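Peer 1: kindly return the folded structure for what I paste below:
(2 chains)
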2 protein chains.
Amino acid sequence: MNRRRTGRRPGESDTREAILASARRRFAEQGYDGATIRAIAGDAGVDPALVHHFFATKENLFVASMRLPFGPGDVLPPLAYVERDRLGEALARAALGMWEVPEVQDTMLGVLRSAFSNEQAARMLREFVTQAVVSRLAGIAGGPDPEVRASLAASQIVGIAVVRYLVRIEPIASVSVDELVAAIGPTLQRYLTGELRT
Amino acid sequence: MNRRRTGRRPGESDTREAILASARRRFAEQGYDGATIRAIAGDAGVDPALVHHFFATKENLFVASMRLPFGPGDVLPPLAYVERDRLGEALARAALGMWEVPEVQDTMLGVLRSAFSNEQAARMLREFVTQAVVSRLAGIAGGPDPEVRASLAASQIVGIAVVRYLVRIEPIASVSVDELVAAIGPTLQRYLTGELRT
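Peer 2: Numbers count the residues shown, from 1 in each chain, chains lettered A, B, ... in the order given. So this is what the prediction gives:
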(Lines give C-alpha, C1' and ligand atoms only; values in the text may rest on other atoms or scores of the structure.)
Protein backbone atom coordinates (compact mmCIF):
# COMPACT_ATOMS: atom_id res chain seq x y z
CA MET A 1 0.00 0.00 0.00
CA ASN A 2 2.69 2.44 1.06
CA ARG A 3 4.77 1.60 -1.97
CA ARG A 4 1.89 2.22 -4.31
CA ARG A 5 0.94 5.43 -2.59
CA THR A 6 4.44 6.97 -2.80
CA GLY A 7 4.75 5.69 -6.38
CA ARG A 8 1.83 7.83 -7.54
CA ARG A 9 2.35 11.06 -9.36
CA PRO A 10 0.74 14.24 -7.98
CA GLY A 11 -2.89 14.39 -9.10
CA GLU A 12 -2.97 10.65 -9.75
CA SER A 13 -5.09 10.01 -6.71
CA ASP A 14 -7.66 12.63 -7.83
CA THR A 15 -7.82 11.01 -11.26
CA ARG A 16 -8.24 7.60 -9.69
CA GLU A 17 -11.08 8.89 -7.48
CA ALA A 18 -12.78 10.50 -10.47
CA ILE A 19 -12.65 7.18 -12.33
CA LEU A 20 -14.07 5.33 -9.32
CA ALA A 21 -16.90 7.85 -8.96
CA SER A 22 -17.78 7.46 -12.67
CA ALA A 23 -17.57 3.68 -12.30
CA ARG A 24 -19.96 3.64 -9.33
CA ARG A 25 -22.46 5.73 -11.29
CA ARG A 26 -22.22 3.68 -14.49
CA PHE A 27 -22.39 0.31 -12.70
CA ALA A 28 -25.43 1.47 -10.72
CA GLU A 29 -27.19 2.82 -13.82
CA GLN A 30 -26.27 0.26 -16.46
CA GLY A 31 -25.40 -2.84 -14.48
CA TYR A 32 -22.10 -4.68 -14.46
CA ASP A 33 -22.43 -6.01 -18.02
CA GLY A 34 -23.72 -2.78 -19.54
CA ALA A 35 -21.13 -0.38 -18.10
CA THR A 36 -18.06 -0.16 -20.36
CA ILE A 37 -14.58 1.02 -19.44
CA ARG A 38 -14.79 3.38 -22.42
CA ALA A 39 -17.95 5.05 -21.05
CA ILE A 40 -16.55 5.23 -17.51
CA ALA A 41 -13.34 6.81 -18.83
CA GLY A 42 -15.41 9.27 -20.89
CA ASP A 43 -17.41 10.35 -17.83
CA ALA A 44 -14.18 10.87 -15.88
CA GLY A 45 -12.61 12.79 -18.78
CA VAL A 46 -9.65 10.42 -19.15
CA ASP A 47 -8.38 8.03 -21.79
CA PRO A 48 -9.63 4.41 -21.47
CA ALA A 49 -5.98 3.30 -21.49
CA LEU A 50 -5.50 5.10 -18.19
CA VAL A 51 -8.40 3.14 -16.63
CA HIS A 52 -6.75 -0.08 -17.83
CA HIS A 53 -3.44 1.16 -16.46
CA PHE A 54 -4.92 1.77 -12.99
CA PHE A 55 -7.30 -1.21 -12.72
CA ALA A 56 -6.34 -3.71 -15.45
CA THR A 57 -9.83 -5.26 -15.67
CA LYS A 58 -13.47 -4.23 -15.33
CA GLU A 59 -13.76 -6.65 -12.44
CA ASN A 60 -10.94 -4.97 -10.52
CA LEU A 61 -12.50 -1.59 -11.25
CA PHE A 62 -15.85 -2.81 -9.91
CA VAL A 63 -14.26 -4.21 -6.74
CA ALA A 64 -12.35 -0.95 -6.17
CA SER A 65 -15.46 1.13 -6.89
CA MET A 66 -17.28 -0.83 -4.17
CA ARG A 67 -14.39 0.14 -1.85
CA LEU A 68 -13.59 -3.55 -1.30
CA PRO A 69 -9.96 -4.23 -0.37
CA PHE A 70 -10.09 -7.46 -2.41
CA GLY A 71 -12.63 -9.46 -4.38
CA PRO A 72 -13.54 -12.85 -5.88
CA GLY A 73 -10.63 -12.51 -8.33
CA ASP A 74 -8.19 -12.62 -5.41
CA VAL A 75 -9.93 -15.38 -3.46
CA LEU A 76 -11.23 -17.89 -6.02
CA PRO A 77 -8.42 -18.55 -8.56
CA PRO A 78 -6.13 -20.20 -5.95
CA LEU A 79 -8.86 -22.85 -5.48
CA ALA A 80 -7.83 -24.32 -8.85
CA TYR A 81 -4.63 -25.52 -7.15
CA VAL A 82 -6.32 -27.11 -4.13
CA GLU A 83 -6.60 -30.92 -3.96
CA ARG A 84 -9.93 -31.91 -5.52
CA ASP A 85 -11.32 -33.50 -2.37
CA ARG A 86 -10.60 -30.40 -0.29
CA LEU A 87 -12.26 -27.94 -2.65
CA GLY A 88 -15.39 -27.49 -0.52
CA GLU A 89 -13.43 -26.84 2.64
CA ALA A 90 -11.12 -24.41 0.82
CA LEU A 91 -14.05 -22.52 -0.70
CA ALA A 92 -15.84 -22.35 2.66
CA ARG A 93 -12.72 -20.97 4.28
CA ALA A 94 -12.06 -18.49 1.47
CA ALA A 95 -15.65 -17.18 1.47
CA LEU A 96 -15.93 -16.93 5.26
CA GLY A 97 -12.43 -15.44 5.38
CA MET A 98 -13.69 -12.56 3.21
CA TRP A 99 -16.88 -12.08 5.20
CA GLU A 100 -15.04 -12.04 8.52
CA VAL A 101 -12.94 -9.00 7.53
CA PRO A 102 -14.97 -6.13 9.08
CA GLU A 103 -14.56 -3.64 6.23
CA VAL A 104 -15.41 -6.30 3.64
CA GLN A 105 -18.42 -7.39 5.66
CA ASP A 106 -19.72 -3.81 5.98
CA THR A 107 -19.33 -3.18 2.27
CA MET A 108 -20.84 -6.50 1.20
CA LEU A 109 -23.80 -6.04 3.56
CA GLY A 110 -24.33 -2.63 1.94
CA VAL A 111 -24.21 -4.19 -1.53
CA LEU A 112 -26.67 -6.93 -0.48
CA ARG A 113 -29.03 -4.43 1.17
CA SER A 114 -29.16 -2.31 -1.99
CA ALA A 115 -29.66 -5.35 -4.18
CA PHE A 116 -32.50 -6.57 -1.99
CA SER A 117 -34.41 -3.29 -2.10
CA ASN A 118 -33.68 -1.96 -5.57
CA GLU A 119 -33.98 -3.76 -8.91
CA GLN A 120 -31.13 -1.83 -10.57
CA ALA A 121 -28.77 -2.76 -7.73
CA ALA A 122 -30.02 -6.36 -7.89
CA ARG A 123 -29.18 -6.45 -11.59
CA MET A 124 -25.69 -5.08 -10.93
CA LEU A 125 -25.06 -7.71 -8.23
CA ARG A 126 -26.60 -10.49 -10.34
CA GLU A 127 -24.37 -9.69 -13.32
CA PHE A 128 -21.25 -9.31 -11.21
CA VAL A 129 -21.85 -12.54 -9.27
CA THR A 130 -22.53 -14.38 -12.54
CA GLN A 131 -19.29 -13.17 -14.12
CA ALA A 132 -16.95 -13.08 -11.16
CA VAL A 133 -18.22 -15.88 -8.93
CA VAL A 134 -20.46 -18.38 -10.76
CA SER A 135 -18.37 -18.54 -13.97
CA ARG A 136 -15.19 -18.95 -11.97
CA LEU A 137 -16.63 -21.65 -9.69
CA ALA A 138 -18.10 -23.43 -12.72
CA GLY A 139 -14.57 -23.53 -14.13
CA ILE A 140 -13.29 -25.52 -11.16
CA ALA A 141 -16.43 -27.66 -10.63
CA GLY A 142 -16.47 -31.25 -11.86
CA GLY A 143 -19.21 -33.29 -13.53
CA PRO A 144 -22.19 -32.19 -15.61
CA ASP A 145 -23.97 -28.83 -15.20
CA PRO A 146 -21.04 -26.84 -13.80
CA GLU A 147 -23.10 -23.62 -13.66
CA VAL A 148 -25.84 -25.32 -11.64
CA ARG A 149 -23.14 -26.60 -9.29
CA ALA A 150 -21.57 -23.17 -9.00
CA SER A 151 -24.86 -21.42 -8.31
CA LEU A 152 -25.80 -24.03 -5.68
CA ALA A 153 -22.49 -23.37 -3.92
CA ALA A 154 -23.18 -19.64 -4.16
CA SER A 155 -26.63 -20.19 -2.61
CA GLN A 156 -25.13 -21.85 0.48
CA ILE A 157 -22.56 -19.08 0.89
CA VAL A 158 -25.19 -16.35 0.41
CA GLY A 159 -27.46 -18.15 2.90
CA ILE A 160 -24.73 -18.14 5.55
CA ALA A 161 -24.02 -14.48 4.83
CA VAL A 162 -27.67 -13.51 5.22
CA VAL A 163 -28.40 -15.65 8.30
CA ARG A 164 -25.09 -15.06 10.12
CA TYR A 165 -24.16 -11.48 9.23
CA LEU A 166 -27.31 -9.72 8.01
CA VAL A 167 -30.29 -11.07 10.01
CA ARG A 168 -28.03 -12.62 12.70
CA ILE A 169 -30.05 -15.70 13.60
CA GLU A 170 -28.60 -17.69 16.51
CA PRO A 171 -26.76 -19.91 17.03
CA ILE A 172 -25.27 -19.63 13.54
CA ALA A 173 -24.40 -15.98 14.11
CA SER A 174 -22.04 -17.03 16.93
CA VAL A 175 -20.46 -20.35 15.95
CA SER A 176 -16.75 -20.26 15.10
CA VAL A 177 -15.48 -20.09 11.54
CA ASP A 178 -13.87 -23.52 11.99
CA GLU A 179 -17.17 -25.06 13.05
CA LEU A 180 -18.89 -23.43 10.09
CA VAL A 181 -16.22 -24.61 7.65
CA ALA A 182 -16.63 -28.18 8.97
CA ALA A 183 -20.40 -27.88 8.54
CA ILE A 184 -20.69 -26.32 5.07
CA GLY A 185 -17.42 -27.59 3.53
CA PRO A 186 -18.89 -31.02 2.62
CA THR A 187 -21.98 -29.29 1.20
CA LEU A 188 -19.87 -27.16 -1.12
CA GLN A 189 -17.72 -30.20 -1.98
CA ARG A 190 -20.77 -32.17 -3.06
CA TYR A 191 -22.28 -29.25 -5.00
CA LEU A 192 -19.02 -28.71 -6.90
CA THR A 193 -17.86 -32.27 -7.49
CA GLY A 194 -20.41 -34.82 -6.22
CA GLU A 195 -23.60 -36.50 -7.35
CA LEU A 196 -26.51 -34.04 -7.54
CA ARG A 197 -29.38 -36.22 -8.80
CA THR A 198 -30.20 -39.03 -6.43
CA MET B 1 -62.31 -20.93 3.81
CA ASN B 2 -65.92 -20.66 2.66
CA ARG B 3 -67.14 -22.37 5.79
CA ARG B 4 -65.26 -19.97 8.05
CA ARG B 5 -66.44 -16.97 6.09
CA THR B 6 -70.14 -17.87 6.25
CA GLY B 7 -69.74 -18.77 9.92
CA ARG B 8 -68.73 -15.23 10.84
CA ARG B 9 -71.11 -12.86 12.54
CA PRO B 10 -71.74 -9.43 10.97
CA GLY B 11 -68.92 -7.06 11.95
CA GLU B 12 -66.62 -9.95 12.69
CA SER B 13 -64.53 -9.30 9.62
CA ASP B 14 -64.02 -5.63 10.64
CA THR B 15 -62.93 -6.73 14.10
CA ARG B 16 -60.57 -9.26 12.60
CA GLU B 17 -59.05 -6.61 10.32
CA ALA B 18 -58.65 -4.22 13.26
CA ILE B 19 -56.78 -6.91 15.19
CA LEU B 20 -54.53 -7.65 12.21
CA ALA B 21 -53.75 -3.94 11.75
CA SER B 22 -52.83 -3.63 15.45
CA ALA B 23 -50.74 -6.79 15.17
CA ARG B 24 -48.79 -5.51 12.16
CA ARG B 25 -48.03 -2.27 14.04
CA ARG B 26 -47.01 -4.00 17.30
CA PHE B 27 -44.87 -6.66 15.60
CA ALA B 28 -43.09 -3.98 13.55
CA GLU B 29 -42.49 -1.76 16.58
CA GLN B 30 -41.74 -4.32 19.29
CA GLY B 31 -40.60 -7.37 17.39
CA TYR B 32 -42.15 -10.80 17.48
CA ASP B 33 -41.11 -11.58 21.05
CA GLY B 34 -42.01 -8.16 22.48
CA ALA B 35 -45.50 -7.82 21.02
CA THR B 36 -48.10 -9.40 23.30
CA ILE B 37 -51.59 -10.53 22.41
CA ARG B 38 -52.82 -8.43 25.33
CA ALA B 39 -51.28 -5.24 23.87
CA ILE B 40 -52.50 -6.03 20.37
CA ALA B 41 -56.01 -6.62 21.69
CA GLY B 42 -55.83 -3.36 23.66
CA ASP B 43 -54.85 -1.38 20.54
CA ALA B 44 -57.75 -2.93 18.62
CA GLY B 45 -60.17 -2.25 21.49
CA VAL B 46 -61.13 -5.89 21.96
CA ASP B 47 -60.75 -8.51 24.67
CA PRO B 48 -57.58 -10.68 24.44
CA ALA B 49 -59.87 -13.74 24.53
CA LEU B 50 -61.30 -12.66 21.19
CA VAL B 51 -57.81 -12.57 19.66
CA HIS B 52 -57.23 -16.10 20.95
CA HIS B 53 -60.63 -17.10 19.60
CA PHE B 54 -59.79 -15.83 16.11
CA PHE B 55 -56.12 -16.84 15.85
CA ALA B 56 -55.42 -19.35 18.66
CA THR B 57 -51.68 -18.51 18.86
CA LYS B 58 -49.37 -15.53 18.46
CA GLU B 59 -47.69 -17.38 15.61
CA ASN B 60 -50.95 -17.75 13.68
CA LEU B 61 -51.69 -14.08 14.32
CA PHE B 62 -48.27 -13.12 12.96
CA VAL B 63 -48.71 -15.29 9.85
CA ALA B 64 -52.17 -13.81 9.23
CA SER B 65 -50.92 -10.26 9.84
CA MET B 66 -48.25 -10.83 7.15
CA ARG B 67 -51.16 -11.85 4.85
CA LEU B 68 -49.61 -15.29 4.39
CA PRO B 69 -52.13 -18.03 3.51
CA PHE B 70 -50.11 -20.49 5.61
CA GLY B 71 -46.90 -20.55 7.63
CA PRO B 72 -44.17 -22.69 9.17
CA GLY B 73 -46.71 -24.07 11.65
CA ASP B 74 -48.59 -25.67 8.77
CA VAL B 75 -45.56 -26.92 6.87
CA LEU B 76 -43.05 -28.12 9.46
CA PRO B 77 -44.92 -30.23 12.05
CA PRO B 78 -45.78 -33.00 9.50
CA LEU B 79 -42.01 -33.52 9.07
CA ALA B 80 -41.97 -35.21 12.48
CA TYR B 81 -43.82 -38.13 10.85
CA VAL B 82 -41.51 -38.49 7.84
CA GLU B 83 -39.02 -41.41 7.75
CA ARG B 84 -35.75 -40.19 9.29
CA ASP B 85 -33.68 -40.71 6.19
CA ARG B 86 -36.08 -38.71 4.02
CA LEU B 87 -36.22 -35.68 6.32
CA GLY B 88 -33.94 -33.52 4.16
CA GLU B 89 -35.88 -34.24 1.01
CA ALA B 90 -39.20 -33.60 2.78
CA LEU B 91 -37.97 -30.30 4.23
CA ALA B 92 -36.61 -29.18 0.84
CA ARG B 93 -39.94 -29.99 -0.78
CA ALA B 94 -41.96 -28.30 1.97
CA ALA B 95 -39.86 -25.12 1.90
CA LEU B 96 -39.74 -24.84 -1.89
CA GLY B 97 -43.43 -25.72 -2.01
CA MET B 98 -44.15 -22.60 0.08
CA TRP B 99 -41.85 -20.37 -1.95
CA GLU B 100 -43.33 -21.53 -5.27
CA VAL B 101 -46.84 -20.29 -4.32
CA PRO B 102 -46.89 -16.83 -5.97
CA GLU B 103 -48.73 -14.99 -3.18
CA VAL B 104 -46.47 -16.56 -0.54
CA GLN B 105 -43.39 -15.69 -2.56
CA ASP B 106 -44.45 -12.06 -2.98
CA THR B 107 -45.17 -11.69 0.72
CA MET B 108 -42.00 -13.43 1.86
CA LEU B 109 -39.88 -11.38 -0.53
CA GLY B 110 -41.46 -8.27 0.98
CA VAL B 111 -40.67 -9.50 4.49
CA LEU B 112 -37.06 -10.29 3.49
CA ARG B 113 -36.63 -6.91 1.75
CA SER B 114 -37.81 -5.06 4.85
CA ALA B 115 -35.61 -7.15 7.12
CA PHE B 116 -32.58 -6.50 4.95
CA SER B 117 -33.01 -2.72 4.95
CA ASN B 118 -34.40 -1.99 8.40
CA GLU B 119 -33.12 -3.19 11.77
CA GLN B 120 -36.57 -3.28 13.40
CA ALA B 121 -37.90 -5.48 10.63
CA ALA B 122 -34.76 -7.64 10.86
CA ARG B 123 -35.41 -8.13 14.57
CA MET B 124 -39.01 -9.11 13.91
CA LEU B 125 -37.95 -11.65 11.28
CA ARG B 126 -35.07 -12.94 13.46
CA GLU B 127 -37.36 -13.53 16.43
CA PHE B 128 -40.09 -15.13 14.34
CA VAL B 129 -37.68 -17.43 12.47
CA THR B 130 -36.06 -18.43 15.77
CA GLN B 131 -39.40 -19.32 17.36
CA ALA B 132 -41.34 -20.71 14.43
CA VAL B 133 -38.62 -22.28 12.26
CA VAL B 134 -35.36 -22.91 14.14
CA SER B 135 -36.96 -24.20 17.36
CA ARG B 136 -39.27 -26.45 15.38
CA LEU B 137 -36.50 -27.84 13.16
CA ALA B 138 -34.27 -28.33 16.21
CA GLY B 139 -37.06 -30.45 17.66
CA ILE B 140 -36.90 -32.90 14.77
CA ALA B 141 -33.10 -32.78 14.25
CA GLY B 142 -30.93 -35.61 15.57
CA GLY B 143 -27.54 -35.57 17.26
CA PRO B 144 -25.81 -32.87 19.28
CA ASP B 145 -26.38 -29.14 18.79
CA PRO B 146 -29.90 -29.32 17.34
CA GLU B 147 -30.15 -25.51 17.12
CA VAL B 148 -26.92 -25.29 15.12
CA ARG B 149 -28.32 -28.00 12.83
CA ALA B 150 -31.61 -26.17 12.46
CA SER B 151 -29.99 -22.82 11.70
CA LEU B 152 -27.67 -24.43 9.13
CA ALA B 153 -30.71 -25.92 7.39
CA ALA B 154 -32.37 -22.49 7.53
CA SER B 155 -29.25 -20.93 5.97
CA GLN B 156 -29.45 -23.24 2.92
CA ILE B 157 -33.15 -22.54 2.47
CA VAL B 158 -32.66 -18.78 2.84
CA GLY B 159 -29.75 -18.94 0.40
CA ILE B 160 -31.93 -20.62 -2.23
CA ALA B 161 -34.69 -18.08 -1.59
CA VAL B 162 -32.31 -15.14 -2.05
CA VAL B 163 -30.43 -16.51 -5.08
CA ARG B 164 -33.44 -18.04 -6.88
CA TYR B 165 -36.31 -15.69 -6.07
CA LEU B 166 -34.83 -12.38 -4.93
CA VAL B 167 -31.61 -11.76 -6.91
CA ARG B 168 -32.49 -14.41 -9.55
CA ILE B 169 -29.03 -15.70 -10.39
CA GLU B 170 -28.98 -18.24 -13.22
CA PRO B 171 -29.14 -21.13 -13.69
CA ILE B 172 -30.53 -21.70 -10.19
CA ALA B 173 -33.39 -19.29 -10.85
CA SER B 174 -34.66 -21.60 -13.62
CA VAL B 175 -33.98 -25.19 -12.54
CA SER B 176 -37.01 -27.28 -11.66
CA VAL B 177 -38.19 -27.80 -8.09
CA ASP B 178 -37.44 -31.54 -8.43
CA GLU B 179 -33.85 -30.85 -9.47
CA LEU B 180 -33.46 -28.45 -6.58
CA VAL B 181 -34.93 -30.92 -4.09
CA ALA B 182 -32.48 -33.57 -5.33
CA ALA B 183 -29.61 -31.10 -4.92
CA ILE B 184 -30.35 -29.59 -1.50
CA GLY B 185 -32.23 -32.51 0.09
CA PRO B 186 -29.02 -34.37 1.05
CA THR B 187 -27.56 -31.10 2.41
CA LEU B 188 -30.55 -30.58 4.70
CA GLN B 189 -30.49 -34.28 5.65
CA ARG B 190 -26.86 -34.03 6.76
CA TYR B 191 -27.40 -30.75 8.60
CA LEU B 192 -30.37 -32.18 10.50
CA THR B 193 -29.20 -35.73 11.19
CA GLY B 194 -25.61 -36.28 9.99
CA GLU B 195 -22.04 -35.73 11.14
CA LEU B 196 -21.18 -32.02 11.25
CA ARG B 197 -17.60 -32.04 12.52
CA THR B 198 -15.26 -33.89 10.22
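Peer 1: show me what contacts A:G194?
Peer 2: Contacts for A:G194 (CB atoms under 8 Å, 6 or more residues apart in numbering or on different chains) come out as A:G143. For every residue, glycine as well, the C-beta is placed using N, CA and C.
Peer 1: how close does it sit to B:E89?
Peer 2: 16 Å (CB to CB, to the nearest Å).
Peer 1: please apply the same query to A:A121.
Peer 2: 35 Å.
Peer 1: could you confirm whether stretch A:89-99 reaches chain B?
Peer 2: No - for stretch A:89-99 and chain B, the contact criterion (CB under 8 Å from any CB of the partner chain) is not met; the two come no nearer than 8.7 Å.
Peer 1: pull out the buried positions in that stretch.
Peer 2: For stretch A:89-99, the neighbour count (16 or more other CB atoms under 10 Å in any protein chain shown) marks A:89-96, A:98-99 as buried.
Peer 1: now do it: everything it contacts.
Peer 2: Outside stretch A:89-99, the residues that reach it (CB under 8 Å, 6+ apart) are A:70, A:75-76, A:78-79, A:82, A:104-105, A:108, A:137, A:153, A:157, A:160-161, A:164-165, A:177, A:180-181, A:184-185, A:188-189, A:192.
Peer 1: among those residues, the buried ones, what's the PyMOL command?
Peer 2: Selection of the buried residues among the contacts of stretch A:89-99 in PyMOL, burial being defined by 16+ other CB under 10 Å:
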select buried, chain A and resi 75+76+79+82+104+105+108+137+153+157+160+161+164+165+180+181+184+185+188+189+192
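Peer 1: scan chain A for its longest helix.
Peer 2: Longest helix of chain A, by residue count under DSSP state H: helix A:12-34.
Peer 1: report the buried residues of it.
Peer 2: Across helix A:12-34, burial judged by 16+ other CB under 10 Å covers A:15-16, A:19-20, A:22-24, A:26-28, A:30-32.
Peer 1: if we can go back for a sec, specify which member of the buried residues of stretch A:89-99 is nearest to chain B.
Peer 2: A:E89 (8.7 Å; CB to the nearest CB).
Peer 1: where's the closest one, which helix or strand?
Peer 2: Using DSSP states H and E, A:E89 falls within helix A:87-99.
Peer 1: helix or strand right after that helix?
Peer 2: Counting by DSSP H and E, what follows helix A:87-99 is helix A:102-117.
Peer 1: run through the neighbouring helices and strands of that following helix.
Peer 2: Applying 3 or more CB pairs under 8 Å, 6 or more residues apart in numbering or on different chains; DSSP states H and E, we find helix A:102-117 packed against helix A:87-99, helix A:119-129, helix B:102-117.
Peer 1: show me where pLDDT drops low in chain A?
Peer 2: For chain A, the stretches with pLDDT under 70 are A:1-10, A:198.
Peer 1: point me to the residue of it nearest chain B.
Peer 2: Counting by CB to the nearest CB, chain A gets nearest chain B through A:G159, at 2.4 Å.
Peer 1: if we ignore the residues flanking it in sequence, what's nearest that residue?
Peer 2: B:G159 (2.4 Å; CB to CB, 6 or more residues apart in numbering or on different chains).
Peer 1: give the next helix or strand downstream of the strand or helix carrying that neighbour.
Peer 2: Assigned by DSSP H and E, B:G159 belongs to helix B:146-160. Proceeding N to C from helix B:146-160, the next assigned helix or strand is helix B:177-193, under DSSP H and E.
Peer 1: quick one: residues contacting the most centrally placed residue in chain A.
Peer 2: In chain A, the residue lying closest to the centroid (CA atoms, centre = their mean) is A:P72, at 4.1 Å. By CB under 8 Å, 6+ apart, the contact set of A:P72 is A:59, A:63, A:132-133, A:136.
Peer 1: wait, the residue of chain A closest to chain B sits on B:I157?
Peer 2: Yes - at 7.2 Å, A:G159 counts as touching B:I157 under the criterion of CB atoms under 8 Å.
Peer 1: just want the angle from the helix holding B:G159 to helix A:177-193.
Peer 2: 40 degrees (axes from the mean of the first three to the mean of the last three CA atoms, to 10 degrees).
Peer 1: what is helix B:146-160 packed up against?
Peer 2: Against helix B:146-160 (3+ CB pairs under 8 Å, 6+ apart) you get helix A:146-160, helix A:177-193, helix B:87-99, helix B:135-140, helix B:177-193.
Peer 1: for B:I37, find the nearest of those helices.
Peer 2: Nearest of the helices and strands packed on helix B:146-160 to B:I37, taken as CB to CB: helix B:135-140 at 18.8 Å.
Peer 1: quick check: phi and psi on A:R84?
Peer 2: Torsion angles at A:R84 (phi, psi; degrees, to the nearest 10) stand at phi -50, psi -40.
Peer 1: what residues are up against it?
Peer 2: With CB under 8 Å, 6+ apart, A:R84 has these contacts: A:142, A:193.
Peer 1: any figure for the gap between it and B:L192?
Peer 2: Taking CB to CB as the measure, A:R84 falls 27 Å from B:L192.
Peer 1: again, but for A:V51
Peer 2: Counting by CB to CB, the gap from A:V51 to B:L192 is 50 Å.
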